[in-house]
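Peer 1: sharing a model that was predicted from the sequence below.
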Amino acid sequence: MSGAEGVSLLAHLQTPILVGDPNGCIVYANPTFRDRFCQAGQDPMGQPLAMVFEGGAREVVLTATAEVLERGQSARLQLRAGDYAYTGLASPIEAEDDRVGVVMVLLEEQTSKDHLTGLADEIGEPIAEAIRVLQPLSGNPDNLLAEHQQAALERGLRSIETAQKWLRELQVTIRGGKTQLGRFDVAHSILRVAERVRHGSGRPLDLEVLMPPNLPRVVGAPIAFERLLTQLVEHRVGEASAGQPLTLLARTIGGDTPQSVLVSLVDLPDSNRRGATGSPPEPIQQAVAAMGGEIICVEDSTAGRVTLIRLTVANR
């Protein structure tokens with residue numbers, strides 16, 4: 001295949017490609033590269049490869065180009081330009097005078113929405129914890145805060161709640177306007193949470209897990225579910241009567257074609273340790289709602305308290 005035919009083929013690729021001469025100057029840039037990296041009407045021909053990039057990307061390309069031209073070895077590179085992230089490969093090619101030139105191919109990385117969702121969930125955890133810690137102080141008439149300190153506390157709480165509101169907006173935006181994203185093995189998540197709580201408890205904990213084999217996958221992000229379930233179990237452990245067991249159960253509802261999975265936590269609360277209501281803390285309820293599920297609490301004077309989380313079965 002002739003050089004002209006090779007360049008013609010490169011022009012049809014949707015991947016940014018640069019070809020440099022033995023001096024590291026551009027002798028070819030395909031249309032995709034020009035669209036992504038060059039301003040309208042800008043001609044990169046003859047420029048050093050690194051000079052068509054900006055910021056930290058310029059140094060990355062300069063280093064990779066030197067590796068190829070000086071040592072004749074391929075070099076991998078990662079860079080970000082504008083709204084795009086790329087993983088690239090710079091490889092040696094033979095020039096007409098037997099010297100080494102360089103061809104650089106940049107593959108666009110697909111940003112993982114699961115990663116962004118997990119990151120948003122990580123941000124949400126300290127926000128929820130701050131609300132959980134500060135709200136009792138705000139509503140306690142016996143606190144010893146001075147008037148200006150109480151006012152500062154109220155302002156801080158409002159700011160945190162505003163941040164939580166906008167975080168939920170961000171989560172919805174990441175999910176493309178949908179309330180849910182992804183699918184995960186809820187059984188594995190339940191077992192991980194049970195093990196984590198058992199090891200993290202400062203006292204012996206009788207926590208039993210009951211569920212059928214082969215539970216269907218549910219919609220949501222495992223990191224978010226495991227965090228909220230851990231918080232729920234730890235909250236119930238804190239309110240439980242001393243020495244009383246807790247049970248985690250999971251089952252499907254909907255017959256032969258299940259539509260939902262119910263995850264239930266059964267405990268027997270101590271009247272002297274429990275909160276004002278039997279419902280889980282507000283941040284836990286909000287976390288369940290953000291996953292597109294719902295949470296219900298039912299109590300019986302003898303059987304104890306059952307907290308149910310309904311999760312939607314993922315489409316197969």
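Peer 2: Received it, and whenever you're ready, just let me know what you need.

Peer 1: domain boundaries for this structure, per the record?
Peer 2: 3-108, 111-178, 179-316 (automatic domain parsing).

Peer 1: what would those domains look like in TSV with mean neighbour count and mean pLDDT?
Peer 2: Where C-beta positions appear, they are placed from N, C-alpha and C, glycine not excepted. As requested, these are exported to TSV (neighbours: other Cβ atoms under 10 Å; pLDDT from 0 to 100):
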stretch	mean neighbour count	mean pLDDT
domain 3-108	16	82
domain 111-178	13	76
domain 179-316	16	83
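
Peer 1: and the gap between residue 216 and residue 233?
Peer 2: Look at residue 216 and residue 233: by Cβ to Cβ, to the nearest Å, they are 22 Å apart.

Peer 1: ditto for residue 315
Peer 2: Counting by Cβ to Cβ, the gap from residue 315 to residue 233 is 29 Å.

Peer 1: and residue 24, by the same measure?
Peer 2: 59 Å.

Peer 1: now swap in residue 124 and tell me
Peer 2: 18 Å.

Peer 1: also residue 152?
Peer 2: Residue 152 is 34 Å from residue 233, by Cβ to Cβ.

Peer 1: try residue 305
Peer 2: 13 Å.

Peer 1: for the top strand by length along the chain, packing partners?
Peer 2: Using DSSP state E to define each element, the chain has its longest strand at strand 84-94. Strand 84-94 is packed against helix 56-71, strand 75-81, strand 100-108, with contacts defined by 3 or more Cβ pairs under 8 Å, 6 or more residues apart in numbering; DSSP states H and E.

Peer 1: okay, now the sheet partners of it, with direction.
Peer 2: In the sheet, strand 84-94 lines up against strand 75-81 (antiparallel), strand 100-108 (antiparallel) (DSSP bridges).

Peer 1: show me what it is in contact with.
Peer 2: 16, 19, 36, 61, 64-65, 67-69, 72-80, 100-109, 111 (Cβ atoms under 8 Å, 6 or more residues apart in numbering).

Peer 1: between it and helix 56-71, how big is the angle?
Peer 2: Angle of strand 84-94 versus helix 56-71, following axes from the mean of the first three to the mean of the last three Cα atoms, to 10 degrees, is 20 degrees.

Peer 1: starting at the chain centroid, how far to strand 84-94?
Peer 2: Counting by Cα atoms, centre = their mean, to the nearest Å, strand 84-94 is centred 28 Å from the centre of its parent chain.

Peer 1: ignoring the adjacent residues along the chain, who's closest to residue 145?
Peer 2: residue 153 (6.6 Å; Cβ to Cβ, 6 or more residues apart in numbering).

Peer 1: helices along the chain, start to end?
Peer 2: With helices called from DSSP state H, the chain shows them at 3-10, 31-37, 56-71, 113-139, 147-174, 186-200, 222-239, 282-290.

Peer 1: can you put the ones you listed in TSV and add distance to residue 93?
Peer 2: What follows is the helices of the chain, written out as TSV (distance: least, Cβ to Cβ, whole Å):
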stretch	distance to residue 93
helix 3-10	10
helix 31-37	16
helix 56-71	9
helix 113-139	35
helix 147-174	41
helix 186-200	48
helix 222-239	44
helix 282-290	51
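
Peer 1: between the ones you listed, which gets nearest to residue 260?
Peer 2: helix 186-200 (10.8 Å; Cβ to Cβ).

Peer 1: residues in contact with the closest one?
Peer 2: Against helix 186-200 from outside (Cβ under 8 Å, 6+ apart): 205, 207, 209, 211, 215, 217-218, 222, 225-226, 229-230, 233-234, 237, 248, 250, 261, 263, 311.

Peer 1: partner residues bridging the residue nearest to residue 264 when sequence neighbours are not counted?
Peer 2: Closest residue to residue 264 apart from its sequence neighbours, by Cβ to Cβ, 6+ apart: residue 249 at 4.5 Å. Bridge pairing for residue 249 (DSSP bridges) gives the partners residue 210, residue 264.
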